[in-house]
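Participant: coords below, sequence missing:
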C-alpha cells in the first residue's frame, strides 16, 4: 500500500484524488494547496489530512506525491519532492521555461528518484489500442501521422496570458502523443497559427487555431491541428498512415443512439470535455504509476518525455513567430 | 445514509456490492450466501460482515436489502424482507413460476413496502437516451419496435435446465425493455424458436434462437430476436420506427480504433458481455433505488413490472410449443 | 446483339428501357402499351417503334421481351411470349392469384422457353456482397435472418386496393430475398400486421405495418419487417447471424457528408426510393438476363422462384387474418 | 446539340468520351490522338470519326473540344482551339510551367472564348454537399480546412519524372479543392515532403508523401495531406472546422456490407481509384460544361482557376526545397 500526498486541490487535483482513493494499492494521506481552504475541503471529503506542502513532503510515511499545482511551481516541487525521497507524478507541462525544465531534469536525475509526467492521453484505451496495433505490425511502418485536437470552447483570455500559450498548455499533449506513437522526436517543427476564434487571444499574444508540421529523420511526417473551439464537443482524434494501412482513433460519443428523420441521420456528439473523455485514462495512468513505484520499474512517461514535449512547444512558438521551421537540434544546441 | 444488506455473494452479487460501496448514500453492512465461505470472502474485501440471511433480515439497522440469490429463492426472500420492513431491490426474474410470482406480488403489496426489480437495462444511458427522444416527440408516435439481443456464447446445458429457459432467463430483459419503451404491455405474443446453436439445448427442452412477435391494442408491433451465440460479442440493439422517424440504440464498442487495410475497414467488436456493457447501468440502477428509498417516491421498476415480463415469458414459452399466438388476457384469465 | 421488345411504357418500363439501351448487347426495337400514346412517346425518345403487343410478339426478329405491364396481364403475356418463342424477363409479382401463377408456370415450362422474374434486389451489389460472404463461409452456417424493408411513404389507397396487398406487392421482394439468401424455402410462415400508418389502408382490407416470421426445416429462422412509411427515406437492410459471425447490408446514403454541431453529428439520409437505390441493380439484372439468353444458361431468377415468393405472400396473407402460422406444405397440398 | 471534338484517346479521354455520348445535349463527332491507332479504335467504339487534331480544330461544325492529351500540349491546344473559336474543356493541370500557363491565359483571354479546366472533384456530389452546407451557413464561418488525399499505389518512376511532381500532378486537385471551398487563394504556402514510400521517387527528384499548410489573409488555415500509397484504396476526404460546427466529406465505400466476427467489425474498403470514385463527378462536370456553353454563362471552373492552382503547386515545390514558406505574392511579383 502506497501512502500518497497530493499537492494541489484544484479541479485536476480532485480528479486525481478520486483515482488515488479508488485504487486498491494507494491511500491518500495528505493534501496541500496554496489556498488552505481548498485543501481542507477536499481532505474532508476523501478522509485525508490537510497540510502545508512542506509538512507533507517532510513526512517520511508518505511514499509518493502527486503534483497538481500551478505550472510555475512544478519544477520546484519536483526537485523538493525527489530530494525528500518521494516518487513523483507531476501534471504537465513540466515548466513554461525550457531552461528551468532542463535544470529540473538535471536536479531530479541527481536524486536518483523517479518522476512520471502526467500525459494522461497515453493511457487512453483508444490511443493505446492504436499504438498496440502499430507495434503489432498491423499497418506496417508508420509514414504520416495526423492528430486532431480541438477544445469545445476557448479559455478566458486571463488564462491564456499565464498558460504559456496554446503550444505549451494545449498542444503539449499532442506533441507528447506524437512522440508516444512515433517512438522518437522529430527533427524539425514548423507552425502556423492565428486568432480567428477570438481576436482577444491574439491581442494577448497567443493563437487559438494552429497547425504544426513535423519531419523525422527517416522521412516520416506528422501534422497536428489545434483549435480552441469546436462547438460540437471535445474533438480528439489520431490517424496514422502506414505502409500497409491506416489506423484511426475516433471520438467517443455521449451515447450510441442514432435518429433518422426528414432532417438526416443524427448521432450523439463527442463527450464534452477532457474529464468525461479521459476519466478511464486518469485511472489507468494512476495504476501505471503505482505499478512502477511498487515494482521499481521504469516510469511509463518520464520527466525527460516532459522536457521533450516542451522543446517541441518552444520550437512551435518560435516558428509561428518567425514563419520559418525550427530544427530541434538548434534548440538543443542553444542550451549547451 | 442507507444501511444495506446483500443477499447472494455470487458474480452478480459482487457487481452490486461494488455499486453499493461506490455510492455516497449507501453503506454495505452485511452479506449472506448459502455458501458461507463466499459471503465471508466478499465481506472481507468490502469491509462488511458475513451473516446468515435470517440474521441479516432481522437486523433493524439495515434499511434495505439487495437480493442477488438464485431465482428459486427470490419470492421467499422478497416476502421475508418486506415483512421485516426492508426496502428491496431484487434481481430478475421474479420467479420461474408465474403463479408463485403473483402470490409474492400480493404478499409484498400487503406489507406496504417497496420492491424494485433489477431490470438494469432500463438504466443503460443509451436506451435511456432512446426513451427520452421518444418521450420528447422526436420520432412522433411509436409503430414498430425491434430488439436484438444476442449473448456471446451459450451457457452450459446444466444452466439451461434450471434457468427456466431462454424466455425466462434471457428474453425476460427484452420483454421488460419492450414494456419500458412502449409504455404498455402487448395484447398477444407469438414465438418461434429452435436449438440450432446447440442441439443439446434442444434436448434439454429449451431453444437457443428465438423470435417473438408482439401486437398491441392500437396496432403497434414489436419483435424480439434472441440468440445464445454471437461470436463477435454481446449484441444489444434497440430500434424503434415512429411516425416521424427512426431511433436506434447501437452497440458499445471495445474502443474507437478503425483499421483500414487491404482486408477492409475494421473497427472494434462490441464489448464482450453484460458486465462490461451494463456497468454504468448497474451504478445508475443502484442510484435510482437509493433515491427512491430516500425520497419515499415510487420505485422506477416495480415488482408488478417484474410480473408483467414474466407473463410475457410464459406466453412465449407456450407459443413456441403450440405454434400459436398466446393472448396475454388468456394467461391472466387462466389464473383466476 | 439481342433484339428486344418492351411491353409496358410506364415508370418501371422506362427504367428498363434505359437499361436495355445502355447495354452493348441489346437493342430496343419495339414498345407497346395499352395507352398507345405512352408507347409512342417512349419509343420516340429511345429510337424504337411503337406497336401493339400482338404485333410485337409476332415479330420473328425480336428475340426477347421485357414485361413491365400491370400485374393482371403478366401471366397471359408470359404465356403468349414464350409460346411465340421469346425469352422473357417479367416484372414481379408473377400474378396476384397463386392458382393462375401455377398454371402459368406449367404452360411456360411446356414451351421450353426461359422466363426470368425481375427480383432486381438479387442484383444489388450490397446484397450480392452479403450473399457472397455467406457462400464464402465467412460467418459459418446461417441461423437467423432479419430483413428490414420500409418504403418512404404509403401509396394511395386506390393502389392498395388493386395491388394484392402489402404481402404481394411489397414484401414479395423480401420473401424472394429470404429465399435468395437462405437458399431454400421456409417450412412455415407467421404474420402479424396492422394499419397504424393509415387507417384507410386498413379499411381497404390491407395492412401497412407487418412482421413475418418464418421457420426452416433445419431450425433456421427468418423475420421480415415492413412498413409503408419511413419518413427519413427508403430503408433497405439485411442482417444475417451465422454460427461464426454477423453480416449486415446497410443503407446507401445520399452522400458522405457528416455535420457536427451543437445539435449532434448528422449524416445524410438513405437515398429516397427504389429508383435511386436499385438503379445499379436494374442494370445488373438486365446484363444477367442478356447473358443467360445469349449463353443459353439457366435464368438467374426463375419463374418458379416467382411462384415460390407468391406462395409465401399467400401464406402471410392468410396468417395475418387467422392469427395462426401457415405451413407452406398445406398451401401446396391444398392445390393438388 | 453541341458537336464535340475530343483531343486525346487515352484512359481519361475514354472516360470523357463516355460522358459526352451519354449526355443528351452533346454529340461526339471527331477524335484525334498522336497515336492514330488509339483515336481510330475509340472512334469506332463510339461512332465518331478519327482525325488529325488540325483537321478537328479547323472543322467549323465542331462547337467545342475536350482536351485530354498529355500535359505538355495543353497550352498549345487551348490557344489553338480558342483561336479557332471553340469552347474548351481542358484536363488539369494547365501546364507544368507557370510562365507558359500565364501566357496561355493571356492568349486565351484575347480570343474571348471560354475555357473550363477539368477539376472534376468540384462536381463530386459529396464535396458539393459540403460546399453547399458551408454556403448555407450551417457551420458558421470557415476556420480550419483539412484535405486528405491518398492514392492507392505510387505511379511508376517514369511517370514521376515527367509529371511535374506530386504537387503539380496530384496535389493540384487539392489546391483547387481548397480554393473551391475557401472561396479565395491563400497568402502563403508551406510544404514538407519525403520519399518514404519509394526511395526511387526521391531519387527522381520528387516526394511521395507531403503535407502543405496554407494561411489566409483573415487567419483561416488549410492543410493538405498527400500520399502516393494507401493500400486500402483511394482515400479522399475533406474536413472543415467552422465557428459553428464541423463538416466532413467521407470516403465512398465499395459496398455497404459490414461483417462482425471474432476478428472485429469489418466494412468494405473505399472504392479503388479515381474512375470509380469520381465517375458521377465526370458526368456532372460535362453537364456543367455543356450548360455553360449553351447558356453563354461563365464557366464553373475557369482557366484562371487552373493557373491559381498551378501557382500554389509552384509555391509548394519551392517550399519543400527551401524549407521556408512561400508567399504567393512573391511568386506573382516574380512574374512582372
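Facilitator: Here it is on my side, so go on. These figures come from a predicted structure and were not determined experimentally.

Participant: what are the ranges of the strands in the stretch 1-150 of chain A?
Facilitator: A:2-7, A:26-32, A:49-50, A:64-67, A:87-91, A:115-118, A:142-150 (DSSP state E, counting those that start in this stretch).

Participant: partner strands of the fourth one and their direction?
Facilitator: As defined by DSSP bridges, the strand partners of strand A:64-67 come to strand A:2-7 (parallel), strand A:87-91 (parallel).

Participant: report the buried residues of it.
Facilitator: For strand A:64-67, a neighbour-count test (16 or more other C-beta atoms under 10 Å in any protein chain shown) marks A:64-67 as buried. No exception for glycine: its C-beta is placed from N, CA and C like everyone else's.

Participant: and the two most separated of these?
Facilitator: A:64 and A:67 (10.5 Å; C-beta to C-beta).

Participant: any residues in contact with both of the two?
Facilitator: A:88-89 (C-beta atoms under 8 Å, 6 or more residues apart in numbering or on different chains).

Participant: contact residues of chain A facing chain C?
Facilitator: A:230-233, A:235, A:253, A:259-270 (C-beta under 8 Å from any C-beta of the partner chain).

Participant: one more time with 10 Å, if that's ok
Facilitator: Contact residues, chain A versus chain C (C-beta under 10 Å from any C-beta of the partner chain): A:152, A:230-233, A:235, A:251, A:253-254, A:257-270.

Participant: just the buried members of these?
Facilitator: Applying 16+ other C-beta under 10 Å to the residues of chain A next to chain C flags A:152, A:230-233, A:235, A:251, A:253-254, A:257-261, A:264-270 as buried.

Participant: contacts with chain D among these, please.
Facilitator: Near chain D, judged by C-beta under 10 Å from any C-beta, the entries from these are A:230-233, A:235, A:270.

Participant: restricted to strands, list these.
Facilitator: Taking DSSP state E as the definition of strands, these contribute residue A:235.

Participant: what's the angle from the longest helix along chain A to strand A:2-7?
Facilitator: Longest helix in chain A by number of residues (criterion: DSSP state H): helix A:274-295. Angle of helix A:274-295 versus strand A:2-7, following axes from the mean of the first three to the mean of the last three C-alpha atoms, to 10 degrees, is 130 degrees.

Participant: do helix A:274-295 and chain D meet?
Facilitator: No - Helix A:274-295 lies out of reach of chain D by C-beta under 10 Å from any C-beta, never closer than 16.4 Å.

Participant: residues contacting residue A:259?
Facilitator: Contacts for residue A:259 were tallied using C-beta atoms under 10 Å, 6 or more residues apart in numbering or on different chains; they are A:265-268, B:129-130, B:133, B:138-139, B:242, B:245-248, C:232, C:264, C:266.

Participant: now do 7 Å
Facilitator: A:266, B:133, B:138-139, B:245, B:247 (C-beta atoms under 7 Å, 6 or more residues apart in numbering or on different chains).

Participant: pLDDT of the longest helix of chain A, averaged?
Facilitator: Mean pLDDT, computed over helix A:274-295, is 95.

Participant: need the residues of the stretch 151-300 of chain A near chain B, please.
Facilitator: Counting by C-beta under 7 Å from any C-beta of the partner chain, the stretch 151-300 of chain A comes close to chain B at A:244-252, A:255-261.

Participant: list the ones among those that fall in strands.
Facilitator: Those of those lying in strands (DSSP E): A:245-249, A:257-261.

Participant: could I get these as TSV with distance to residue C:91 and pLDDT?
Facilitator: Listed next are those as TSV, based on distance: C-beta to C-beta, whole Å; pLDDT from 0 to 100:
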residue	distance to residue C:91	pLDDT
A:245	44	98
A:246	44	98
A:247	47	98
A:248	44	98
A:249	49	98
A:257	39	97
A:258	34	97
A:259	35	97
A:260	30	97
A:261	32	97
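
Participant: just the buried positions in stretch A:287-306, please.
Facilitator: Quick answer for stretch A:287-306 (16+ other C-beta under 10 Å): A:287-290, A:292-293, A:299-306.

Participant: just give me the closest of the residues you listed to chain C.
Facilitator: Chain C has its nearest neighbour among the buried residues of stretch A:287-306 in residue A:301, at 30.8 Å by C-beta to the nearest C-beta.

Participant: settle this for me: that closest one is touching residue A:116, isn't it.
Facilitator: Yes - counting by C-beta atoms under 7 Å, residue A:301 touches residue A:116, with 5.5 Å between them.

Participant: ok, residue A:268 to chain D distance?
Facilitator: 14 Å (C-beta to the nearest C-beta, to the nearest Å).

Participant: also residue A:258?
Facilitator: Distance from residue A:258 to chain D, by C-beta to the nearest C-beta: 14 Å.

Participant: now swap in residue A:110 and tell me
Facilitator: As judged by C-beta to the nearest C-beta, residue A:110 and chain D stand 38 Å apart.

Participant: just residue A:115 next, same as before
Facilitator: 33 Å.

Participant: how many neighbours does that residue have?
Facilitator: Other residues near residue A:115 come to 26 when the count uses other C-beta atoms under 10 Å in any protein chain shown.

Participant: for it, give me its contacts.
Facilitator: Here residue A:115 is in contact with A:78, A:82, A:88, A:90, A:108, A:299, A:303 (C-beta under 7 Å, 6+ apart).

Participant: at 8 Å what do you get?
Facilitator: Contact analysis of residue A:115 by C-beta under 8 Å, 6+ apart lists A:78, A:82, A:87-90, A:108, A:299, A:302-303.

Participant: what does residue A:149 give?
Facilitator: A:170-171, A:173-174, A:224-226, A:235-237.

Participant: re earlier: can I get the strands paired with strand A:64-67 in a markdown table with mean pLDDT?
Facilitator: Formatted as a markdown table, those follow (pLDDT from 0 to 100):
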| stretch | mean pLDDT |
| --- | --- |
| strand A:2-7 | 98 |
| strand A:87-91 | 98 |
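
Participant: can I get those strands in TSV including distance to residue B:143 and mean neighbour count?
Facilitator: Shown next, in TSV, are these (distance: least, C-beta to C-beta, whole Å; neighbours: other C-beta atoms under 10 Å in any protein chain shown):
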stretch	distance to residue B:143	mean neighbour count
strand A:2-7	55	25
strand A:87-91	53	26
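
Participant: kindly reformat these as TSV containing distance to residue A:206.
Facilitator: What follows is the strands paired with strand A:64-67, written out as TSV (distance: least, C-beta to C-beta, whole Å):
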stretch	distance to residue A:206
strand A:2-7	27
strand A:87-91	20
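
Participant: which among the ones you listed is found nearest to residue D:33?
Facilitator: strand A:87-91 (67.2 Å).

Participant: and of the ones in strands among the residues of the stretch 151-300 of chain A next to chain B, the nearest to residue C:3?
Facilitator: Taking C-beta to C-beta as the measure, residue C:3 lies nearest residue A:260 of these, at 45.1 Å.

Participant: just the closest of the buried residues of stretch A:287-306 to residue B:319, please.
Facilitator: Closest to residue B:319 out of these is residue A:287 (50.0 Å), distances taken as C-beta to C-beta.

Participant: contacts only, for the closest residue to the closest one other than its chain neighbours.
Facilitator: Leaving out its chain neighbours, the residue that sits closest to residue A:287 by C-beta to C-beta, 6 or more residues apart in numbering or on different chains is residue A:23, at 6.1 Å. When contacts are counted by C-beta under 8 Å, 6+ apart, residue A:23 touches A:283, A:286-287, A:290.

Participant: what's the spacing between residue A:23 and residue D:258?
Facilitator: As judged by C-beta to C-beta, to the nearest Å, residue A:23 and residue D:258 stand 38 Å apart.

Participant: ok, residue A:149 next?
Facilitator: Distance, residue A:149 to residue D:258, by C-beta to C-beta: 29 Å.

Participant: please apply the same query to residue A:24.
Facilitator: Distance from residue A:24 to residue D:258, by C-beta to C-beta: 40 Å.

Participant: now the farthest one out in chain A, which residue is it?
Facilitator: Using C-alpha atoms, centre = their mean, the residue of chain A lying farthest from its centre is residue A:262. It sits 42.1 Å away.
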